[in-house]
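Undergrad: Just to be clear, the model below is a prediction. Sequence and coordinates:
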Amino acid sequence: MDELNVAPETIVSNNDYIIEMREITKIFPGIIANDNITLQLKRGEIHALLGENGAGKSTLMSVLFGLYQAESGEIYKNGEKVEIKDPNDANKLGIGMVHQHFKLVDVFTVLENIILGVEPTKNGFLQKSQAREKLVELSERYMLKVDPDALVENITVGMQQRVEILKMLYRENEILIFDEPTAVLTPQEIKELMAIMVGLAQEGKSILFITHKLNEIMAVADRCTVLRKGHCMGTVDIDKTTKTELSRMMVGRDVDFIIDKAPCKVGDEMLRVEGLSVVNGHKTTVSDVSFNVRRGEIVCVAGIEGNGQSDLVYALTGLMKETGGAILYGSDRMSGGKSVGSVNGKYLHGKDTGDVVYVAKDGSNINSKFLHVGKSELNKEFCPQNDEGGHKAVSLRKINRTSIRQRNAGGISHIPEDRHKFGLVLDFPLEYNLVLQRYFEPEFCKKGILRKKNITKYANKLIVDYDIRSSLGAKSLTRSMSGGNQQKAIVAREIDKDPDLLIAVQPTRGLDVGAIEYIHKMIVRQRDNNKAVLLISLELDEVMNLSDRIYVMYEGKIVADLDPKEISVEELGLYMAGAKKMDNIGARDNPFLNEVLSIEERLNDGKLPENKRNELKKAYDSVYERFVAREHEYTRPNVREEVGNGKQ
Amino acid sequence: MILLIKYTLLYGTVLSLVAFGGMFSERSGIINIALEGIMVIGGLCGVVVLSLLPATFSPFLAVVITILVAAASGCIYSLLLGFASINLKADQTIGGTALNIMATAIAMIVAKLVNGSESARVLYSNKSFLFKIGTLELNVFLIIAIVALIFAVIFLYKTKTGLRLRSCGEHPQAADSVGINVYKMRYLGVGISGLLGGIGGFAYIVPAVSEWNFEVGVSGFGFLALAVMIFGQWKPLRIFLAALFFGLFRALANISSSTFLGDLNLSSNIYNMMPFIASMIILALTSKRSRAPKAEGIPYDKGSR
């Protein structure tokens, strides 16, 4: 993002402050959210407001927008003192805000959303044509392309954001507040937004840009005010500063941007997803998705929000039923689950399988995997030999129908996307949340009665080990804890279980740099301990830094299989936006498959006479050969395979 | 046949009026389960006033006054729901249910007081509400329902207030952020709903018969209207058509004994059940696809963002 083409800044005189917040102090019970903060916004500048979560950025902006009243301090506009008691006052002063969660009505058109609240009317009747003219004029002037008659629910997130910006422009606001505007955008959209912001500033609008992404600040901001724990750490000119300095101001110490990881040592396959589909409501959200995760690697499913990642995770963790495909899991801690056989992405049902699936150990690449089934000698005979010439195999269990608890106990951990919805019972004390998946274990429960002493003891241990901070320790109400510490509690609970497979969804969403660094370290440690990690993330930096392999999901399908060392962020962005696609991913319908399976089934029949059996075996061999040949056609001659082998 | 049309229009009118009421309320974000109770109160006040008017009173004025009384009483009663669910942020379903139970009780007490006896029957004359086109007997409420339909379409889709009201039912935070008073809009929605519900209750009782026993309330028509509203997808024209459709089923029950249907020797209870069974089936089939206002049922709290 550093090489963005930023137009030269507009020149402003030093004393021309359009908004000045002087010595603002805002106190909440027990905490000083803003302590004597002064913020000066020049006309026509992009002013970044940087700080970790809980640093007081939102509080300060809420004071400016009239949502909170400051205990002391004054606000000036163009040198005149003003009172802002509610958002309407702010609107009247020309202050507009693009909220982090868009305030748009889904079923209204773009035009209706823009005029809502300031509708042009004649005798109480809407005059839409008049508003439309103004909108078209504005969108041309500021290069904000929108379709006035499209329903908001049908347009992309990027366009929704443009609607929000147009809403401010339609109201002729001069001071535009952007609250973490890039969180939901693709890299291309971010680039566009940056250009739009620069354009707006050139037109004389003054922009306040709340963020904790340093790259974006370096790219577009003129000046930056840094907050830390409610204090103002100063305002700096971006020209005269560096990313490192900014982050030191924000966190108070040096932060590692690049995660230090050893090369990965890939082990046995831990998770294999084959042809998985999920239907949510009437929409197929996950469609024929196949991938695998092995011990000792972090595999990332990247993608823009809403492309099926959530439902994929729900299916893997058991929160939602899949509608097709198989989830195969390799830990022997798993009880239950159906024993299966599987050939090239299609799994067998029923009795033709043994207790476990034997997967040839070189099935590391899903496109070249040959796996076979069963415990009988006959079956092993057909199990393709691996490089060493043996029949080394790993066992996988099909866990589609296992319960969530079985999966939990079987060594699958889940750091959920929405920590409030799936991660924590907010009105429980911290200690109960820490044993939420284990309260029934003998250590914590005796004859149906909870052993509170043990629970508290265990909670205290986690609090120390994972540095979870709260006011009352184990007894703190979870709701009262900060987001970062809530997330740490989840991470502690999930990792302390010593899982074989960690599924981490957006593990650092909404967290500050310090907490992100910590959680990333925990995830890497998990991988270095020879565990499998599946990471689902929307944050490009996180994807690029953490993962050993990247799958990109777009509209429910895996569209790319990438190596983070070999691609650029921009290229990854193109895949995420659906602009680029790899062939042959997931499209592996081998016409010989059914034949192979049906002959196998007959061979497995013990009552088959010997002469018939030999005949059948011959037929099988020839079909199998064709099957394998076809398989090789599908196998992409790609770098991935070589690199993958190199790693082993 | 004429009889069938007469009854279809009669019930269709009632259902569309009440369902329009429900629509206004839900479009502003308040689930109005209390429609049944509002109908009872509106019907009660209208009927009591009607029965108390001297026989010499001008028929035209009597119609106007009683309808206004019904509307006003329904409106006031609905404001109780508004107060509970908007200001006190109470659960709207529970509040509505409480109002339903209370309404029947109030109606019985008042009706007995008016009678001065143990019976909750009230007698009145309904002649002035009826008029004829050819042999088809109609009532004034049909005109009111058509006016309400036109009003609803124009109000919701063509006016500023309609746009604002709808935004409060979909995304009140968005409405608030652009300076719309969500509380005011929701009161407006509930108020209109009470007004139409009150008239609807009156329209259910008066045109058909000339005495009413308030122990039966309005026999579930408020709930049927909710089904009509859902079947009509919260859209005025569709609701009107849905109301006529449901009205037809209800009308079949009324004429069953006097026409060829009577020859089938089926119990009249079966016909009485039909609209309810139809509504169950239709709701079961359509509810999956129905798109209710997104924020309905959720009390709006300025603090939570």
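TA: That came through, no problem. In this text the structure is predicted, and so the values were computed from the model without any measurement.

Undergrad: what's the nearest residue to A:Asp237 once chain neighbours are set aside sitting at in phi/psi?
TA: Of all residues not flanking A:Asp237 in the chain, A:Arg223 sits nearest, at 5.6 Å (C-beta to C-beta, 6 or more residues apart in numbering or on different chains). Every residue, glycine included, has its C-beta placed from N, CA and C. Taking degrees, to the nearest 10, you get phi -140, psi 170 for the backbone angles of A:Arg223.

Undergrad: Same question for B:Leu35.
TA: The phi/psi pair for B:Leu35 (degrees, to the nearest 10) is phi -50, psi -40.

Undergrad: How much space separates A:Met159 from A:Met250?
TA: 32 Å (C-beta to C-beta, to the nearest Å).

Undergrad: if you count what's nearby, which of these two comes out ahead?
TA: A:Met250 (23 against 18; other C-beta atoms under 10 Å in any protein chain shown).

Undergrad: just to revisit the earlier point, show the pLDDT at the residue nearest to A:Asp237.
TA: Looking at A:Arg223, its pLDDT reads 94.

Undergrad: go on, A:Gly94?
TA: 92.

Undergrad: now swap in A:Val301 and tell me
TA: The model's pLDDT for A:Val301 equals 94.

Undergrad: That one should be in a strand, yeah?
TA: Yes. Counting by DSSP: H, G, I helix; E, B strand; the rest coil, A:Val301 is located in a strand.

Undergrad: Give the bridge partners for it, please.
TA: With DSSP bridges applied, A:Val301 shows beta-bridge pairing to A:Ile536, A:Tyr551.

Undergrad: how would you label the residue of chain A found nearest chain B: helix, strand or coil?
TA: The nearest approach of chain A to chain B comes at A:Gly117, 3.1 Å away (C-beta to the nearest C-beta). Secondary structure for A:Gly117, judged by three-state DSSP, is coil.

Undergrad: what sits against it?
TA: B:Arg164, B:Ala175, B:Val178, B:Gly179, B:Ile180 (C-beta atoms under 8 Å, 6 or more residues apart in numbering or on different chains).

Undergrad: Count the neighbours of the residue lying closest to it once chain neighbours are set aside for me.
TA: Counting by C-beta to C-beta, 6+ apart, B:Val178 is the residue found nearest to A:Gly117 once chain neighbours are left out, at 3.1 Å. B:Val178 has 21 neighbouring residues, counting by other C-beta under 10 Å.

Undergrad: gap between B:Val178 and B:Ile94?
TA: Counting by C-beta to C-beta, the gap from B:Val178 to B:Ile94 is 31 Å.

Undergrad: try A:Tyr329
TA: Applying C-beta to C-beta to A:Tyr329 and B:Ile94 gives a distance of 45 Å.

Undergrad: quick one: the residue nearest to A:Gly117 and A:Ser247, what's the gap?
TA: Counting by C-beta to C-beta, the separation of B:Val178 from A:Ser247 is 36 Å.

Undergrad: swap in A:Lys565?
TA: In terms of C-beta to C-beta, A:Lys565 sits 25 Å off from A:Ser247.

Undergrad: who's more crowded, those two?
TA: Ranked by neighbour count (other C-beta under 10 Å), A:Lys565 and A:Ser247 place A:Ser247 first, with 20 against 9.

Undergrad: Quick one: name the residues of chain B near chain A.
TA: B:158-161, B:163-164, B:166-167, B:170-171, B:173-180, B:291, B:294 (C-beta under 8 Å from any C-beta of the partner chain).

Undergrad: repeat that for 7 Å
TA: Within chain B, the positions lying close to chain A (C-beta under 7 Å from any C-beta of the partner chain) are B:158-160, B:163, B:167, B:170-171, B:173-174, B:177-180, B:294.

Undergrad: Of those residues - the most surrounded one?
TA: B:Ser167 (31 neighbours).

Undergrad: Need the mean per-residue confidence for the host helix or strand of that one.
TA: Using DSSP states H and E, B:Ser167 maps to helix B:160-170. Across helix B:160-170, the average pLDDT comes to 95.
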